[in-house]
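Visitor: The sequence and its predicted three-dimensional model are supplied below.
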Amino acid sequence: MVFLLFVFAILQISFGDAAVAAFKGSTVWIILAWQLVALPLLALLVFGKFLQNELLVFGVVALCSCAITATTALSRMLGLNDAMALVVGLIGSLLMPVPLYLFMHYGLGLQAILDPLNYLYRVLLFIVVPFLLVYILRRLVSEQQDATIRQHVSSVVIGLLVVFGLAVMDGVQALLIENPKVVLFYVGFSFALSIGVQLITRYALAFLGARDASTAAILCAYRNVGVIAAIAGDSLGNNFLIFLGLWQLPMYTLPVILRRFYQPEQTP
């Protein structure tokens, strides 16, 4: 599902439009630096003092991931900068293996159980190959056909996200029965981390303007932790898959709850 989500997410964009947005100004790169470097480093420093080892690992690696593929549609729905969201998500999906490996290897000391060759294989499979497939497809079809595909692929992405959301909840019920406190703790941590990241990002990047700072808050909070599981494999332990399932809850609920936060100009 992670593989298919990347393929269909990339199908939604024009490589030319993405390149223009990426190299027009510095906003995209500021957000990426904040998203993939500053926030994981801040989490490592803060969580290292207050959290046990498991949640420290989960929190740091979650913040090393790129934004979820749905942030573009979510930004469009909220009247934010959907084009920028698209580019940040695209470039972030290519860059995120680097901070993920560095933070896992040097920050969290997981080098003993992280196989670099297996890690590289997974990066190629889940991130690089989707780009190559889309590139090849666009060499084979006409521009009109490509535009038609981009126009209709959003519904496919929504369907894939629903299936993905259901699939990653596997195992949550069993743990809820066996140890409900752990499940509740994971849920509370997921919501606290998401809300905290959005608040910090919204005000730290306020100099970008309210619209872009709110877009950045979404991009930095709603992370594609599924690709972390795909890339890192078993190196994060069995409970990481449970955390991955519960991590989806804030992403499905907070956009509605925090709608006014994203659109401050509409607040009375």
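Guide: Done, it's in. Numbering: from 1, shown residues only.
Visitor: can you give me the helices in the stretch 51-200 of the chain?
Guide: For the stretch 51-200 of the chain, the helices defined by DSSP state H, counting those that start in this stretch occupy 53-62, 71-77, 82-95, 97-102, 116-123, 129-140, 143-167, 172-178, 180-204.
Visitor: pull the CA atoms of the first one into CSV?
Guide: Spelled out, that is helix 53-62. Provided in CSV are the C-alpha atoms of helix 53-62 (Å, rounded to 0.1, in the frame of the first residue of the first chain):
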residue,chain,number,x,y,z
ASN,A,53,13.4,4.5,25.1
GLU,A,54,10.5,3.1,23.0
LEU,A,55,8.6,6.3,22.7
LEU,A,56,11.8,8.2,22.2
VAL,A,57,12.5,6.1,19.2
PHE,A,58,8.9,6.3,17.8
GLY,A,59,8.7,10.0,18.2
VAL,A,60,12.0,10.8,16.6
VAL,A,61,11.7,8.5,13.6
ALA,A,62,8.1,9.6,13.0
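Visitor: change the start of the numbering to 332 and stick with it
Guide: Got it, the first residue is 332 from now on, which makes the last one we talked about helix 384-393.
Visitor: Now stretch 394-407: buried residues?
Guide: Within stretch 394-407, the residues that count as buried by 16 or more other Cβ atoms under 10 Å are 394-406. From N, CA and C alone the C-beta is placed, and that goes for glycine too.
Visitor: Find the pair from the residues you listed with maximum spatial separation.
Guide: Pairwise distances across those (Cβ to Cβ) peak at 23.3 Å, for the pair Cys395 and Ala404.
Visitor: picking that back up, now tabulate the helices of the stretch 382-531 of the chain in a markdown table and tack on distance to Lys355.
Guide: Shown next, in a markdown table, are the helices of the stretch 382-531 of the chain (distance: least, Cβ to Cβ, whole Å):
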| stretch | distance to Lys355 |
| --- | --- |
| helix 384-393 | 30 |
| helix 402-408 | 17 |
| helix 413-426 | 9 |
| helix 428-433 | 24 |
| helix 447-454 | 28 |
| helix 460-471 | 21 |
| helix 474-498 | 20 |
| helix 503-509 | 42 |
| helix 511-535 | 21 |
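Visitor: looking at those helices, which one has the lowest mean pLDDT?
Guide: Ranked by mean pLDDT, the helices of the stretch 382-531 of the chain end with helix 503-509 at the bottom, a mean of 70.
Visitor: Who are the packing partners of it?
Guide: helix 511-535, helix 570-588 (3 or more Cβ pairs under 8 Å, 6 or more residues apart in numbering; DSSP states H and E).
Visitor: most tightly surrounded among these?
Guide: Of all the helices and strands packed on helix 503-509, helix 570-588 has the most neighbours on average by mean count of other Cβ atoms under 10 Å, namely a mean of 19.
Visitor: what's the spacing between it and its chain's center?
Guide: 12 Å (Cα atoms, centre = their mean, to the nearest Å).
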